[in-house]
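# fold the following and give me the result.
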Amino acid sequence: MAINQAVVSFVFVDSQARQGDVEAQNLLKPRKASQDAAGWDLVAANRQPIVLQTAQRALVPTGIALALPVGYEAQVRPRSGLALKHGVTCLNAPGTIDADYRGEVGVIVINLGQESFTIERGMRIAQLVVANVCPVVWEHVQVLPDSTRSGSGFGSTGLYAGTSGAKSCV
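Now for the predicted structure:
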């Protein structure tokens, strides 16, 4: 079975990588940690360490800019290992990169852990997932069709699997 592929162009905005430093280019180029990974690792391109105290956030540069095809977006997502082991995550997850954005990709990182955390150049700080964006046509109607859930929200389907709201979290 053939897999659809999107071609995502990128440039280095990091000064070392732009000047042809192959080591810097290899460091900053997005790559997958495994063949079947959905996300491409984004790497910190900061020159000096960024020390995040508890509850502190920072915009971390990645040293790259993208050109996504029309009809696609890129989602910046946290890395599960950083979240579990250090309490470090992306603040606006998933962050969306639109197809018409051409600036440097930055990652808003926050330390929700109990100890300070240092982000050094070359650390894998987030992952990037490229996804199709479905074209939408907005249609104004007078009444929405009914559904089994209807207007019930936040916790209305229950907390436990296999229950019909008997042990609801609301």
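# neighbours of Leu42, how many?
Leu42: 28 surrounding residues under other CB atoms under 10 Å. In this view, the C-beta of every residue, glycine as well, is placed from N, C-alpha and C.
# would you check that it makes contact with Thr62?
Yes: here Leu42 reaches Thr62: they are 4.9 Å apart, a contact under CB atoms under 8 Å.
# what's the overlap in contacts for the two?
Taking CB atoms under 8 Å, 6 or more residues apart in numbering as the contact rule, the neighbours common to Leu42 and Thr62 are 105, 107, 125.
# in strands only, show me those.
The subset of the shared contacts of Leu42 and Thr62 located in strands under the criterion DSSP state E comprises 105, 107, 125.
# leaving out chain neighbours, which residue sits closest to the last one?
Beyond its immediate neighbours in the sequence, the residue positioned closest to Ile125 (CB to CB, 6 or more residues apart in numbering) is Ala44, lying 5.0 Å away.
# assign Ala24 to helix, strand or coil.
When states are read from DSSP: H, G, I helix; E, B strand; the rest coil, the local structure at Ala24 comes out as helix.
# got a list of contacts for the longest strand along the chain?
Within the chain, and with DSSP E defining each element, the longest strand by residue count is strand 57-67. Contacts with strand 57-67, where a contact means CB under 8 Å, 6+ apart, come from 8-14, 17, 24, 28-30, 42-46, 50, 52, 74, 91, 97, 101-111, 119, 125.
# now do Ser156, the pLDDT please.
The predicted local confidence for Ser156 comes out at a pLDDT of 72.
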